[in-house]
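> Test case, fold it:
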Amino acid sequence: MNNIPKRLDQYDFLKGVAIVFVLLLHSLSREVLWFMHSNYSIGQAVPLFILCTFVLSFNSLFARKRYIKYWFSKNRVHTLFGKIIKPFLIVQFLLIMLLLLSGNSDKLINLIKNAGFGPGSYYPWIYLQFWLLIPFLYGLFKNVGILWAGGIVLIISQMLQYACSVLEISEEIYRLLCFRYVFLSVLAYLVLKYSIKPIWNILFFLIGVGYYVFLDMGVKFTPWLYNSWMSQQLPAYFYTIVVFSLLIAAYNRFSENRLIRIFVFLGRYSWEIFLLQFFFLAVISSNRFKIVENEWINSIFYVLLVFTMSILP
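Predicted structure coming up:
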């Protein structure tokens, strides 16, 4: 397995790129996102984040015999609460206070339904589920092997997808469930354990692009896939791993470039940036932002404001 230092800049770079993608996804209009075919670019934000989480987590478990005890140790649980859960809950509390003070208490119903208020409110709950699953997924890959373990993960995750589709689980619940992303754990272990050859990247690229082309054509994959969030389902992650590989190659080639270092810096504070954009976008939506009559100029200013308010603080 690859030797990954404690603070690996290339993964901070990946997270920096991903958080910029998040800011663009949440600040650009649906029309602009559709026009730019965001699935092929900034739409990879969350899969990239989760892939990085799996890679770094699996690596931290490597060479630890009692990895489950280590993962659920008091120090790690305390770190999870202090760095991830508590800041998220503080932001939610502040938003609740703002809603009550501004007379928008009716919006508290949406907050409860969505398990949070603001764009991306599902992500902390996805992260928490994966945090609980990671040592068991790692043990499965380590003891059974990538081929058999990958097959098990594939079958279970797709059976759950099928069940959600057939039972018509509401989107409010589905968005909070982690299993649509779980196959990324297989690809993450593949990255750590093996070297992905160029021919495999070409094959993965063709599979991923082919899936997105079918989506663009309006093809539905129900009931085998849940009829929502289809851009972030199993076939798409073969495209994600190619984007991941290209970004790693770009970092290795231009690691001392000033722009690369900016992304590395943003990656180190990606969670803080996420929470700030989360709070800001929940308070000031693009629908209420209007400084001039021109819609395009308003959109540009709004994107700039979102970046400024999410990064500078």
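> where does Tyr302 land in three-state SS?
helix (DSSP: H, G, I helix; E, B strand; the rest coil).
> Pretty sure it sits against Ser27.
Yes. Tyr302 lies in contact with Ser27 (C-beta atoms under 8 Å); the separation is 6.0 Å. Glycine gets a C-beta too; all of them are placed from N, C-alpha and C.
> ok, so what distance separates Phe93 from Leu176?
As judged by C-beta to C-beta, to the nearest Å, Phe93 and Leu176 stand 19 Å apart.
> the more surrounded of those two?
Counting neighbours by other C-beta atoms under 10 Å for Phe93 and for Leu176 shows that Leu176 has the greater number, 18 against 10.
> can you count the residues close to the closest residue to that one other than its chain neighbours?
Closest residue to Leu176 apart from its sequence neighbours, by C-beta to C-beta, 6 or more residues apart in numbering: Trp125 at 4.9 Å. By other C-beta under 10 Å, the residues close to Trp125 number 16.
> Helix or strand: which one has Trp125?
Per DSSP states H and E: Trp125 is located in helix 123-144.
> and that helix, average pLDDT?
For helix 123-144, mean pLDDT is 94.
> can you check stretch 300-313 too?
The model assigns stretch 300-313 a mean pLDDT of 88.
> quick one on the thing from earlier: what residues does the helix holding Trp125 touch?
Residues outside helix 123-144 that contact it (C-beta atoms under 8 Å, 6 or more residues apart in numbering) are 46, 49-50, 53-54, 57-58, 61, 67-68, 71-72, 80, 84-85, 88, 115-116, 149-150, 152-153, 176-178, 181-182, 185-186, 189, 193, 274.
> and the gap between the residue nearest the centre of the chain and Gly145?
Centroid-nearest residue in the chain, with C-alpha atoms, centre = their mean: Val46, separated by 1.9 Å. Noted for Val46: a distance of 28 Å to Gly145, by C-beta to C-beta.
> likewise Leu275?
Distance of Leu275 to Gly145, given as C-beta to C-beta: 39 Å.
> Isn't the residue nearest to the centre of the chain up against Gln232?
Yes. Shown here, Val46 and Gln232 form a contact pair, counting by C-beta under 8 Å, at 6.6 Å.
> intersection of neighbour lists for those two?
In contact with both Val46 and Gln232: Tyr181, using C-beta under 8 Å, 6+ apart.
> so where is the stretch 51-200 of the chain shaky, pLDDT-wise?
Counting by pLDDT under 70, the stretch 51-200 of the chain shows low-confidence ranges at 103-108, 110-113.
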